[in-house]
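Chemist: Need a 3D model of the following:
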Amino acid sequence: MRIHFIAIGGAVMHNLAIALKKNGHEVSGSDDEIFEPSLGRLKNYGLLPEQEGWHPEKISAKLDVIILGMHARRNNPELLQAQKLGLKIYSYPEFLYQHSKNKKRVVIGGSHGKTTITAMVMHVLKFYDKNFDYIVGSQIKNFDIMVRLSNNAQLMVFEGDEYLSSPIDRRPKFHWYHPHIALISGIAWDHINVFPTFDNYKKQFSRFVDLTEEGGTLIYNKTDNEVKTIVEKSDKNLKKVPYGLPKYEIKSGITNVFDGKTAITLKVFGRHNLQNLNGAMMICDELGISNSEFYTAIRSFAGAANRLDLVLRKDDFRIFFDFAHAPSKVRATIDAVKEQFVDQPLIVCFELHTFSSLNARFIDQYAESMDKADFACVYFNRHTLEMKKMATLDKDQIRHSFGRTDLYVFDSDIELKQWIKTKTKPSTIVLMMSSGNFNGMNIKVLEKYLFNI
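Modeler: Numbering: from 1, shown residues only. As a prediction, this is how the structure comes out:
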């Protein structure tokens, strides 16, 4: 097929484009801005547009399919041309569903943890040489790209994102997938720009349950009251499988879980990740992989990219980076690091970057989320606010919303680095959290700045 991507630079979009080209399709695309790592990977596969911007002249009746990304707008000139010509236009979740209609579908949903659970399931399936297709929202070790589509795999694993499908398809992505095995990891209000109330947000997960295939399996985090309520209210004919926190111990900064009396040493840590592990194990059990087989495979799981990544280590000093942006994830990530390194001072730097986190109406949701940090700061980039066409933020309001009078608030990445340096000691743990990049800060070379190397 001849396939054109409008907004090819997105995290999933560029991976889907690569996957389709590797499958032998003729692929092209456009975007008005493309950043790393998408830029380098598209270039490597010969898919990087020659010019940034939108070029309606690329859209012709010779194209079989248009795949439309969320980064585009409804008045995008390429989209308008495609509509004028009557071309078939898919959002990427609709395209993935069409591909998987005759496969067994596993869909992992939730406000937080879904990437890690999806990555854990994929890791175990690959460990046992299972043949499966997949879509996941982060790079995973031993997987070349974040999307795999094939004709012979009878199973497809989806990370079920609740955000909108495309500018012209306003339903959440995970409503497309109709799982045979579904999981909900947790529910905490997010995406205020499209789900204006928490009740509206929760309804998307109730609908996800309703769209699970009749007689399918619904795995859910029983420790999350919102999830538990939605599952218990559902009268859909489903096998309901609860999960919670496994038995575990932490010794010398290392986490073990237990398979009976046998201790399993993990490379990941944190109560939220241990819950994620139990959820992944329930999915694998439904796929015919026993708990003991799961534990054998999960020992070598090192986490998904940007999920509590250990970026730097020098003796006791460590820098972690995490994709955390929702209030519940910020709290869970800080709690995890503090529990793992209980005797070491913890510096936490959190960037407000998403539409929700940069919205003055939403910031109160972060109250007390950073309380366990010994030193805490919040950073925001005024250019990001301009790009998103959002009102500026007041530093005192941010400080008040987080509920810490000693919270530092920065809009300069230079001042942020200077502040980190004043607080850093050889035994310090530094935790950087953002769905952005702190204005392009290279965290990997931060050690040289902190220690004057």
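Chemist: is it true that Thr212 touches Lys236?
Modeler: Yes: the pair Thr212 / Lys236 is scored as a contact, 6.5 Å apart, by C-beta atoms under 8 Å. The C-beta positions use only the backbone N, C-alpha and C, and glycine is treated the same way.
Chemist: can you list residues touching both of those two?
Modeler: Leu218 (C-beta atoms under 8 Å, 6 or more residues apart in numbering).
Chemist: So these two - more neighbours on which side?
Modeler: Set Thr212 next to Lys236 and count neighbours by other C-beta atoms under 10 Å: Thr212 wins out with 22 against 15.
Chemist: That one: which element?
Modeler: Thr212 belongs to no helix or strand when elements are defined using DSSP states H and E.
Chemist: quick one, what contacts it?
Modeler: The neighbours of Thr212, taking C-beta under 8 Å, 6+ apart as the test, are His178, Pro179, His180, Ala182, Leu218, Lys236, Leu238.
Chemist: can you tell me which residues contact the closest residue to Ile8 other than its chain neighbours?
Modeler: Computed as C-beta to C-beta, 6 or more residues apart in numbering, the closest residue to Ile8 that is not its neighbour in sequence is Gly29, at 2.9 Å. Listed by C-beta under 8 Å, 6+ apart, the contact partners of Gly29 are His4, Phe5, Ile6, Ala7, Ile8, Met13, His14, Ala17, Leu42, Leu47, Pro49.
Chemist: Name the nearest residue to the second one, sequence neighbours excluded.
Modeler: Meaning Phe5. Nearest to Phe5 is Gly29, by C-beta to C-beta, 6+ apart, at 3.6 Å.
Chemist: Okay, and that neighbour sits in which element?
Modeler: Applying DSSP H and E as the criterion places Gly29 in strand 26-30.
Chemist: So what are the sheet partners of that strand and their directions?
Modeler: Neighbouring strands of strand 26-30 in its sheet, by DSSP bridges, are strand 2-6 (parallel).
Chemist: can you give me the strands for the stretch 201-350 of the chain?
Modeler: Ranges of strands in the stretch 201-350 of the chain, per DSSP state E, counting those that start in this stretch, are 217-221, 239-243, 248-251, 254-259, 262-265, 309-314, 317-322, 346-352.
Chemist: contact partners of the helix or strand following the strand holding Gly29?
Modeler: Following strand 26-30 in sequence order, the next helix or strand is helix 38-44 (DSSP H and E). Residues outside helix 38-44 that contact it (C-beta under 8 Å, 6+ apart): Ile8, Gly9, Gly10, Ala11, His14, Asn15, Ala17, Ile18, Gly29, Ile34, Leu48, Pro49.
Chemist: so where do the helices sit in the stretch 301-450 of the chain?
Modeler: Using DSSP state H, counting those that start in this stretch, the helices assigned to the stretch 301-450 of the chain run over residues 327-340, 382-387, 395-402, 413-423, 446-450.
Chemist: Any chance of a markdown table for the ones you listed, columns mean pLDDT, distance to Thr223 and mean neighbour count?
Modeler: A markdown table is the format used below for these (pLDDT from 0 to 100; distance: least, C-beta to C-beta, whole Å; neighbours: other C-beta atoms under 10 Å):
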| stretch | mean pLDDT | distance to Thr223 | mean neighbour count |
| --- | --- | --- | --- |
| helix 327-340 | 94 | 12 | 21 |
| helix 382-387 | 91 | 34 | 12 |
| helix 395-402 | 96 | 25 | 16 |
| helix 413-423 | 95 | 33 | 15 |
| helix 446-450 | 80 | 35 | 17 |
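Chemist: Redo the ones you listed as a markdown table? Include distance to Met433.
Modeler: Putting the helices of the stretch 301-450 of the chain into a markdown table (distance: least, C-beta to C-beta, whole Å) gives the following:
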| stretch | distance to Met433 |
| --- | --- |
| helix 327-340 | 6 |
| helix 382-387 | 15 |
| helix 395-402 | 13 |
| helix 413-423 | 13 |
| helix 446-450 | 14 |
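Chemist: What distance do you get for the spatially closest residue to Tyr201 that is not a sequence neighbour to Ile289?
Modeler: With C-beta to C-beta, 6+ apart as the measure, Phe195 is the residue that lies nearest to Tyr201, at 4.0 Å, once sequence neighbours are left out. For Phe195, the distance to Ile289 equals 35 Å [C-beta to C-beta, to the nearest Å].
Chemist: same question, Met441
Modeler: As for Met441, its distance to Ile289 is 40 Å (criterion: C-beta to C-beta).
Chemist: Next, format the strands of the stretch 201-350 of the chain as JSON lines and append mean pLDDT, distance to Gln275 and mean neighbour count.
Modeler: Output for the strands of the stretch 201-350 of the chain, formatted as JSON lines (pLDDT from 0 to 100; distance: least, C-beta to C-beta, whole Å; neighbours: other C-beta under 10 Å):
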{"stretch": "strand 217-221", "mean pLDDT": "98", "distance to Gln275": "6", "mean neighbour count": "24"}
{"stretch": "strand 239-243", "mean pLDDT": "98", "distance to Gln275": "7", "mean neighbour count": "16"}
{"stretch": "strand 248-251", "mean pLDDT": "92", "distance to Gln275": "11", "mean neighbour count": "12"}
{"stretch": "strand 254-259", "mean pLDDT": "94", "distance to Gln275": "11", "mean neighbour count": "16"}
{"stretch": "strand 262-265", "mean pLDDT": "95", "distance to Gln275": "15", "mean neighbour count": "13"}
{"stretch": "strand 309-314", "mean pLDDT": "90", "distance to Gln275": "19", "mean neighbour count": "14"}
{"stretch": "strand 317-322", "mean pLDDT": "94", "distance to Gln275": "16", "mean neighbour count": "22"}
{"stretch": "strand 346-352", "mean pLDDT": "97", "distance to Gln275": "21", "mean neighbour count": "25"}
